[in-house]
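Asker: no FASTA, just this:
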């Protein structure tokens, strides 16, 4: 009878996280509504919006200007439910572009 030793195969596997970074701008037409919303809100004077937020406590996950862009773009696309907007932010590339690329 052979003496088999137990070998932990999982110990040899290095955990890796693959990430692909690509420019989402190339996927849209230049006359897409997402650019219109982005450009209009970037030109607006929103100092009252930033002054409404308290500087105490946690930093928000999304800047107020970016959140305004997401909400305006969602309402433009007839997404009024918070769940619909959340799904769009996860799966729609235009919403992802607004969240990642607008600074």
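Answerer: Yes, it's here. Everything numeric here is computed off the predicted structure, so don't read it as measured data.
Asker: quick one, helices of the chain?
Answerer: With DSSP state H as the criterion, the chain has helices at 33-43, 47-52, 64-76, 82-91, 93-101.
Asker: residue ranges with poor pLDDT in the chain?
Answerer: 1-27, 101-103 (pLDDT under 70).
Asker: quick one, which of the helices of the chain is nearest to residue 58?
Answerer: Distance to residue 58, taken as Cβ to Cβ, is lowest for helix 64-76 among these, at 13.8 Å. Placement of C-beta: from N, CA and C, glycine included.
Asker: which other helices and strands does the closest one contact?
Answerer: Under the contact criterion of 3 or more Cβ pairs under 8 Å, 6 or more residues apart in numbering; DSSP states H and E, helix 64-76 touches helix 33-43, helix 47-52, helix 82-91, helix 93-101.
Asker: identify whichever of those helices lies nearest to residue 68.
Answerer: Using Cβ to Cβ, the helices and strands packed on helix 64-76 put helix 33-43 closest to residue 68, at 5.9 Å.
Asker: tell me the angle the closest one makes with helix 64-76.
Answerer: On the basis of axes from the mean of the first three to the mean of the last three Cα atoms, to 10 degrees, helix 33-43 is oriented at 140 degrees to helix 64-76.
Asker: any buried residues in helix 33-43, and which?
Answerer: Residues of helix 33-43 classed as buried: 34, 37-38, 41 (neighbour count, 16 or more other Cβ atoms under 10 Å).
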